[in-house]
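**Q** structure, please.
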Amino acid sequence: MKIGLCGTMSVGKTTLVKALAKTAEFKNYKTATERSKYLRDLGIPLNTDSTINGQFVFLAERSSELLHENILTDRTIWDVCSFTMLAKSIGTHDKSQFVNAAMTLREQYDIVFYIEPVGVEMEDNGVRETNLEYRADINQEILRLLSLFPPKKLVILHGSTKDRVKTVLDALK
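**A** Numbers count the residues shown, from 1 in each chain. Just a heads-up that it's a prediction; the model follows:
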């Protein structure tokens, strides 16, 4: 299966992938987690400074993940498109074209888990944007795009990591 986690910054996507990777159900899965530090060090602008070129790099990562038969990733095309839509340096036409192109990949995900930010404190990892308003804006954009371009199956996650692991495993049964 091709499984993606989506959600705004600092909601526990990477933590959840790492927890799920320890379960028997995911022993044969490739996992993909946050690569922001690596990409930043390559000179790719992140967060509010995103460029169309940088967003295509992020989209290429998501696309390459979908080449695997069994993948569990902490980012999806909905995340990439949300950051694209809120990027200040990308024009309206380019944003629209980018999202339409990216969404041609959505049917490749077997299931997408959206993680709600409610009750999750913002964590500063030294790379991500820590502005709470921007975090909320990204979340709203993800929800908007999930509504406009729904995945085959969408499950909403909340609660502790343990609660989320249980919900994921139950959804896959």
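
**Q** tell me the pLDDT of Glu121.
**A** At Glu121, the model reports a pLDDT of 70.

**Q** and for Gln140?
**A** Gln140 is assigned a predicted lDDT (pLDDT) of 98.

**Q** SS state for it?
**A** Recorded secondary structure, Gln140: helix (DSSP: H, G, I helix; E, B strand; the rest coil).

**Q** can you get me a residue count around it?
**A** Applying other C-beta atoms under 10 Å, we find 13 residues neighbouring Gln140. In short, each C-beta sits where N, CA and C put it, glycine included.

**Q** relative to Met1, how far out is it?
**A** For Gln140, the distance to Met1 equals 28 Å [C-beta to C-beta, to the nearest Å].

**Q** then Asp137?
**A** 31 Å.

**Q** neighbour count winner among those two?
**A** Asp137 (16 against 12).

**Q** from the contact counts, what lies against the strand or helix carrying the more buried one?
**A** For Asp137, the host element (DSSP states H and E) is helix 132-148. Secondary-structure packing of helix 132-148 (3 or more C-beta pairs under 8 Å, 6 or more residues apart in numbering; DSSP states H and E): helix 77-86, strand 111-115.

**Q** name the strands paired with the shortest one and say parallel or antiparallel.
**A** Translated: strand 111-115. As defined by DSSP bridges, the strand partners of strand 111-115 come to strand 2-6 (parallel), strand 154-157 (parallel).

**Q** could I get the ones you listed as CSV with mean pLDDT, mean neighbour count and distance to Trp78?
**A** Below are those laid out as CSV (pLDDT from 0 to 100; neighbours: other C-beta atoms under 10 Å; distance: least, C-beta to C-beta, whole Å):
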stretch, mean pLDDT, mean neighbour count, distance to Trp78
strand 2-6, 97, 25, 5
strand 154-157, 98, 17, 10
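
**Q** okay, those in TSV with distance to Glu121 next?
**A** What follows is these, written out as TSV (distance: least, C-beta to C-beta, whole Å):
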stretch	distance to Glu121
strand 2-6	18
strand 154-157	17
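
**Q** so which of those strands comes closest to Lys27?
**A** Among the strands paired with strand 111-115, the nearest to Lys27 by C-beta to C-beta is strand 2-6 (14.0 Å).

**Q** what about the helices in the protein?
**A** 13-21, 36-41, 52-65, 77-86, 92-102, 132-148, 161-172 (DSSP state H).

**Q** what's the fifth one in contact with?
**A** What that stands for is helix 92-102. Applying C-beta atoms under 8 Å, 6 or more residues apart in numbering, the external contacts of helix 92-102 come out as 52, 55-56, 59, 62, 77, 80-81, 84-85, 87, 90, 145, 149.
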